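1. Build me a model from this:
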Amino acid sequence: MGELYRLRATGSDGSAWRTDQRAWLRSRDRCIDSACLKTVYIERLTVLEDSARAFHWPGKWWRVDAGGHDEATVEIRDLTAQGLHFHLEASAGANQGELEGTARFDAAGAARYASGAASQRCELIFRRTVNRIEIEQNGDQFACGAGMGVSYDGTYVHSAGDPNGKPDLVALGVVKTEAQNRAIQALLGSDYDALAASADGVSDNSSESGIPGVTVVDTFVEGLACDMKSVVAYDGGGHIWVGLWSPNAKDGQAALATGVVELRYYTNNPGDKRRLPAFIASRRNHVCPSEREVVRMMP
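-> Below is the predicted model:
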């Protein structure tokens, strides 16, 4: 962070970057846990890393998204003194949104777009902030023609490809420490990425564990919550339990037919290797209609 910031602060836009960094520090200092801190640092690094080129409106811009579940892009073309043409695509889990139109510049240099009646209007404001575009959305996802939970709000950086790295369980708010994250990575191996991909929605349900000192976190993908989800549990002694649901998995011998959801169960607690704990078993058979569930006890 320090190295990248010094490069920007001593460049031609140094004054603007110093003001921008002070604003970021104020937002960072509002964090109250490690998940928030990790997210804001990852997203700030993405902004700083993609800031070497001079600002120009035209091109493809990607939303900065440390969580990895809210991908969005905006392509800008046909720039004139009066405005610009945009094409937005965004997602939230399995839900999608797309919007195209022309935004007009105002006296402050922001580009504004509005459509629909006053009671159901979609308004977007495109603002330049040093090297990036900040999009502000006024009007819900339905007014702007998007799916459930899909928004176009956010910070966008210019890039030929997605500048966001893969999120981890700390940034996603599933676990609290890097040690817990590394332990789950070691336990799940290649399934770790599938677990992170299921953490679109995250909720702490520790009160349902029935075991003092055990934290239970449920995750799911918006729009696919019945068959792309997980339960992650851990205690202060380093024990971990993970139930990961995934469609169209393999049963170890042959590919399962479409319509089968596999629950893969992992734990590092020897006493629970061959049985599902209640806080995972209670989520069983909550799969999509017409699907069936199979369980695989992982080594």
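2. Let me see the contact set for the most centrally placed residue in the chain.
-> The residue lying closest to the centre of the chain (CA atoms, centre = their mean) is residue 67, at 2.6 Å. Residues in contact with residue 67 (CB atoms under 8 Å, 6 or more residues apart in numbering) are 39, 167, 171, 172, 199, 200. Any C-beta I mention is one placed from the backbone N, CA and C, and that applies to glycine too.
3. for those, which one is nearest residue 121?
-> Closest to residue 121 out of the contacts of residue 67 is residue 200 (28.1 Å), distances taken as CB to CB.
4. Tell me how far that closest one lies from residue 10.
-> 39 Å (CB to CB, to the nearest Å).
5. thinking again about what came up before, does the residue nearest to the centre of the chain belong to a helix, a strand or coil?
-> Under the three-state scheme (DSSP: H, G, I helix; E, B strand; the rest coil), residue 67 adopts coil.
6. Show the pLDDT at it.
-> We have a pLDDT of 87 for residue 67.
7. Go through the contacts of residue 67 and name the one nearest residue 244.
-> The shortest gap between residue 244 and any of the contacts of residue 67 belongs to residue 199, at 10.8 Å (CB to CB).
8. Could you list the low-confidence segments of the stretch 151-299 of the chain?
-> Along the stretch 151-299 of the chain, segments meeting pLDDT under 70 span 248-258.
9. name the helices or strands packed onto the one helix or strand residue 157 maps to?
-> Following DSSP states H and E, one finds residue 157 within strand 154-158. Packing contacts for strand 154-158, counted by 3 or more CB pairs under 8 Å, 6 or more residues apart in numbering; DSSP states H and E, involve helix 34-49, strand 59-63, strand 72-77, strand 132-138.
10. With mean neighbour count, mean pLDDT and distance to residue 92 as added columns, please give the ones you listed in a markdown table.
-> Below are the helices and strands packed on strand 154-158 laid out as a markdown table (neighbours: other CB atoms under 10 Å; pLDDT from 0 to 100; distance: least, CB to CB, whole Å):
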| stretch | mean neighbour count | mean pLDDT | distance to residue 92 |
| --- | --- | --- | --- |
| helix 34-49 | 18 | 92 | 17 |
| strand 59-63 | 20 | 96 | 11 |
| strand 72-77 | 18 | 97 | 9 |
| strand 132-138 | 18 | 96 | 13 |
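11. List the residues that contact the residue sitting furthest away from the middle of the chain.
-> Distance to the chain centre peaks in the chain at residue 81, reaching 35.0 Å (criterion: CA atoms, centre = their mean). By CB under 8 Å, 6+ apart, residue 81 lies in contact with residue 105.
12. Equivalent analysis for the one 10 residues further on, please.
-> Residues near residue 91 by CB under 8 Å, 6+ apart: 69, 70, 71, 72, 97, 150.
13. how many other residues sit next to the closest residue to residue 144 other than its chain neighbours?
-> Distances taken as CB to CB, 6 or more residues apart in numbering put residue 122 closest to residue 144, at 3.9 Å, once the chain neighbours are dropped. Neighbourhood size, residue 122 [other CB atoms under 10 Å]: 21.
14. Got phi/psi on residue 122?
-> Dihedral pair for residue 122: phi -100, psi 120, per degrees, to the nearest 10.
15. just checking, it touches residue 146?
-> No: using CB atoms under 8 Å, residue 122 is not in contact with residue 146, being 9.1 Å away.
16. Give me the common contacts of these two.
-> Residues touching both residue 122 and residue 146 (CB under 8 Å, 6+ apart) are residue 99.
17. Look up how far residue 15 lies from the nearest residue to residue 37 once chain neighbours are set aside.
-> Leaving aside its chain neighbours, residue 37 sits nearest to residue 31 (4.8 Å; criterion: CB to CB, 6+ apart). Taking CB to CB as the measure, residue 31 falls 26 Å from residue 15.
18. Show me which of these two is the more surrounded one.
-> The neighbour comparison of residue 31 against residue 15 (other CB under 10 Å) goes to residue 31, with 14 against 9.
19. tell me the SS of that one?
-> coil.
20. Run through who's touching stretch 151-165.
-> The contact list for stretch 151-165 (CB under 8 Å, 6+ apart) reads 42-43, 46-47, 49-51, 53, 56, 59-66, 68, 70-74, 88, 90, 92, 97, 99, 124, 129, 131-137, 141, 144, 146.
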